[in-house]
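In: any chance you could fold what I've pasted below:
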Amino acid sequence: MHGRSIVEWFAEHEAYRCGYCGEKDTNFSHGMWAHTMTCQDYQDLIDRGWRRSGKYVYKPTMNQTCCPQYTIKCAALQFHPSRSQKKVIKKVAKLLANPPTGSRAGELGGPDSGEPSVVEDVPDKQPSQVNVPQMTSGDPQMSSDDPPVTSGDPQMSSDDPPVTSGDPQVSSGDPTVSSGHLAVQESRSSHEGRVKESGEASGEPEKPATSSKVPRAGEGPDPAKPPCKKAKLLRKQRRQEKEALRQASESLPLRKKEKKEDAQKSLEDYLKEEALSRLEMRLVRSEPKSEEFRRTQKESYEVYKKYQVAVHKDEPDKCTEKQWTRFLVDSPLQEEHKPGSPACGNGSFHQQYWLDGKLIAVGVLDVLPNCVSSVYLYYDPDYHYLSLGTYSALREIALTRHLHDTAPSLVFYYMGFYIHTCPKMKYKGNYDPSFLLCPESYSWVAVETCRPKLDASNYARLEQPGKEDENGNIDVDRVLVLYEHQLMPYAIYRAITGGTDVEDVRLYAMLAGRTCAERIILFRN
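Out: So this is what the prediction gives:
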């Protein structure tokens, strides 16, 4: 049924292992199996805190789970790399130009490996076999021209980071003054020598020089005091100091201008480093599988297996190709090519990183109507020194900006979940400007505003009091249901079956939101 979404709700709400803190039974979420899904429906779901792993779509129970997971997005068009992010790009360029030899420096870990293992991320659920019926124009609520839902996001703006001058201290080294100082010392030494010789000739004993000695007439200046400089030398030294200050003042605006130009450089400017051209980027469609994906499928799986074993310490026999396919290749998203979509279309993709003909990293992505959504990243651990976690995020922001050129509504980069209690996941808030989704009002709030609230409590309402969920007014009778190959509103289904599952359906509709609940088809067995 192309153009419609079909999901199967799992009513169970059991605790399972948390991939972030490692606790065995403290992670709670609601989930459903997406047999097929439009890109707009998934866009609306992730704007309500949902996320997919393969075809399983889940929503953390924020006020119960041990590590609350807040959806985070970056305003890609306003993004400007921070100093540390610029350093990562330069570091990658430098290491590509001059790869390290011998034992690799550094240890595996850090933000590049902060995501939980894909196996532990969600509970294992088995869907029902659903025979998708052929839809006719007479079916209820089946217009494919439903208007897209706008999220009402606030206007995004970003100020460039402050630029510090860092100008070096201006110092003046005057060789002439220095030699003049030596000349005065030599003159004084020779004079004292002559006085000493005359004392010896007269038979008077030598007296040690002390600071309290008062010189006799004709002996010269007090040896305990610094020698006086001649007026000519002092004038020359002042002239040289003034000249040094003048030169420094003339060069200061130039340095400020250079720093200002550096601050105005875009992300794409930094990614144009010649050495970075060795790292070839390929965006290949993974669902349905493109020819390029099929040709590189085996290599991609081998990189995944190597990554899971080395970084997440998974058992090799668990990292099967079937498991990789289920979680990172299979996707419910339909391939779409609509007006206003990018040239590649919407749907699920793998962004591959090739270095000298070798696949070294893969970013699993969804290209949706309003965003590029990051699903997972895996890379060859032999290249962990390239900081591919941070570098790939910058590349995916650049991809978002590139796709925006032909898809004006595609302006955000979604980084999955932000977990404030997990140090390895807090780095996601450093891609400025970024916003967190309030778990109660489903509105977006700047990360800077959220941090104090999350410091005080793991779970927090991020939006100010008074703003409510605009899409939370649910009429359960209007939920669209697929029952025994027939499409009907829940009101008719309830009349047929007695409606014993009304509370389950109401919970599904509340979590999915009114728009999705009335547009997505809910399979009932």
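In: so Tyr70 makes contact with Tyr442?
Out: No: contact between Tyr70 and Tyr442 fails when scored by C-beta atoms under 8 Å: they sit 11.5 Å apart. Bear in mind the C-beta positions are built from the backbone N, C-alpha and C, glycine included.
In: any idea which helix or strand in this structure has the lowest mean pLDDT?
Out: Taking mean pLDDT, DSSP states H and E as the measure, the chain has helix 175-202 as its least confident helix or strand, at a mean of 41.
In: which one's more surrounded, Tyr70 and Tyr442?
Out: Tyr70 (25 against 21; other C-beta atoms under 10 Å).
In: still on that earlier bit, which residues do Tyr70 and Tyr442 both contact?
Out: Gly49 (C-beta atoms under 8 Å, 6 or more residues apart in numbering).
In: spit out the contact partners of the most centrally placed residue in the chain.
Out: The centre of the chain sits closest to Lys428, judged by C-alpha atoms, centre = their mean, with a distance of 4.2 Å. Residues near Lys428 by C-beta under 8 Å, 6+ apart: Ile72, Met415, Gly416, Tyr418, Ser434.
In: mind checking how far Arg282 is from Asp314?
Out: Plainly put, Arg282 is 26 Å away from Asp314 if you go by C-beta to C-beta, to the nearest Å.
In: so between the two, which is more surrounded?
Out: Asp314 (18 against 15).
In: pretty sure that one is in a helix, no?
Out: No: counting by DSSP: H, G, I helix; E, B strand; the rest coil, Asp314 falls outside a helix, being coil.
In: now do the contacts for the nearest residue to Leu77 once chain neighbours are set aside.
Out: In space, and not counting its chain neighbours, Leu77 is closest to Val411: 5.4 Å by C-beta to C-beta, 6 or more residues apart in numbering. Residues near Val411 by C-beta under 8 Å, 6+ apart: Ala75, Ala76, Leu77, Asn370, Cys371, Thr400, His404.
In: mind checking how far Val411 is from Met37?
Out: From Val411 to Met37 the distance is 22 Å (C-beta to C-beta).
In: and Ile521, by the same measure?
Out: From Ile521 to Met37 the distance is 10 Å (C-beta to C-beta).
In: re earlier: so for the residue nearest to Leu77, what's the pLDDT?
Out: pLDDT for Val411: 98.
In: and for the one 4 residues further on?
Out: Per-residue pLDDT puts Met415 at 97.
In: my read: it touches Ser374, true?
Out: Yes: with contact defined as C-beta under 8 Å, Met415 reaches Ser374; the gap is 5.5 Å.
In: which neighbours do the two share?
Out: Common neighbours of Met415 and Ser374 (C-beta under 8 Å, 6+ apart) are Ala393.
In: which stretches of this protein have low pLDDT?
Out: For the chain, the stretches with pLDDT under 70 are 1, 102-126, 131-229, 249-263.
In: what is the burial count for Arg30?
Out: Careful, residue 30 is His; it's not Arg. His30 has 19 nearby residues by other C-beta under 10 Å.
In: beta partners for it?
Out: Beta-bridge pairing of His30 under DSSP bridges involves Lys59.
In: so what sits opposite Ser374 in the bridge?
Out: Applying DSSP bridges, one finds that Ser374 bridges with Leu365.
In: now do the contacts for it.
Out: Gly363, Val364, Leu365, Ala393, Glu396, Tyr413, Tyr414, Met415, Gly416.
In: circling back to that earlier point, SS state for the residue nearest to the centre of the chain?
Out: Assignment for Lys428 (three-state DSSP): helix.
In: how many residues are close by Gln323?
Out: The number of residues near Gln323, taken as other C-beta under 10 Å, comes to 18.
In: which strand or helix spans it?
Out: Here Gln323, judged by DSSP states H and E, is contained in helix 321-324.
In: which is the next helix or strand following that helix?
Out: Assignment by DSSP H and E places the next element after helix 321-324 at strand 347-355.
In: mind listing what that following strand pairs with, with the direction of each?
Out: Partners of strand 347-355 in its sheet, by DSSP bridges: strand 279-287 (antiparallel), strand 358-367 (antiparallel).
In: which among those is found nearest to Leu45?
Out: strand 358-367 (11.3 Å; C-beta to C-beta).
In: the closest one: how far from the chain's middle?
Out: Centroid displacement of strand 358-367 relative to its chain, using C-alpha atoms, centre = their mean, to the nearest Å, is 16 Å.
In: ok, stretch 341-351 next?
Out: So, by C-alpha atoms, centre = their mean, the centroid of stretch 341-351 is 20 Å from its chain's centroid.
In: and it, how far apart are its ends?
Out: One end of stretch 341-351 sits 18 Å from the other (C-alpha to C-alpha, to the nearest Å).
In: so which bits of it are buried?
Out: Ser341, Pro342, Cys344, Gly345, Asn346, Gly347, Ser348, Phe349, His350, Gln351 (16 or more other C-beta atoms under 10 Å).
In: is the fifth one in a bridge, and if so with what?
Out: This means Asn346. Counting by DSSP bridges, Asn346 is bridged to Glu336.
In: ok, it touching Met37?
Out: No: under the criterion of C-beta under 8 Å, Asn346 makes no contact with Met37, lying 11.4 Å away.
In: please enumerate the helices of this protein.
Out: Using DSSP state H, the helices of the chain run over 39-46, 83-97, 118-121, 175-202, 231-264, 267-270, 291-311, 321-324, 388-404, 447-456, 490-497, 502-512, 514-519.
In: just the closest of the contacts of Lys428 to Glu484, please.
Out: For the contacts of Lys428, the nearest to Glu484 is Gly416 (37.3 Å; C-beta to C-beta).
In: quick one: the closest residue to the closest one other than its chain neighbours from Cys422, how far?
Out: Using C-beta to C-beta, 6+ apart and skipping the chain neighbours, the partner closest in space to Gly416 is Ser374 (5.7 Å). According to C-beta to C-beta, Ser374 stands 17 Å off from Cys422.
In: can you check Thr497 too?
Out: For Thr497, the distance to Cys422 - C-beta to C-beta - is 43 Å.
In: kindly report the same for Ala76.
Out: Relative to Cys422, and taking C-beta to C-beta, Ala76 is found at 24 Å.
In: neighbour count winner among those two?
Out: Ala76 (26 against 19).
In: from what I can see the more buried one touches Leu403, true?
Out: No: using C-beta under 8 Å, Ala76 is not in contact with Leu403; the gap is 9.4 Å.
In: what do those two both touch?
Out: Here Ala76 and Leu403 share the contacting residues Val372, scored by C-beta under 8 Å, 6+ apart.
In: picking that back up, now the buried members of the contacts of Ser374.
Out: Gly363, Val364, Leu365, Ala393, Glu396, Tyr413, Tyr414, Met415, Gly416.
In: in TSV, list those residues along with distance to Arg278.
Out: Below are those laid out as TSV (distance: C-beta to C-beta, whole Å):
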residue	distance to Arg278
Gly363	18
Val364	23
Leu365	22
Ala393	20
Glu396	19
Tyr413	24
Tyr414	29
Met415	26
Gly416	28
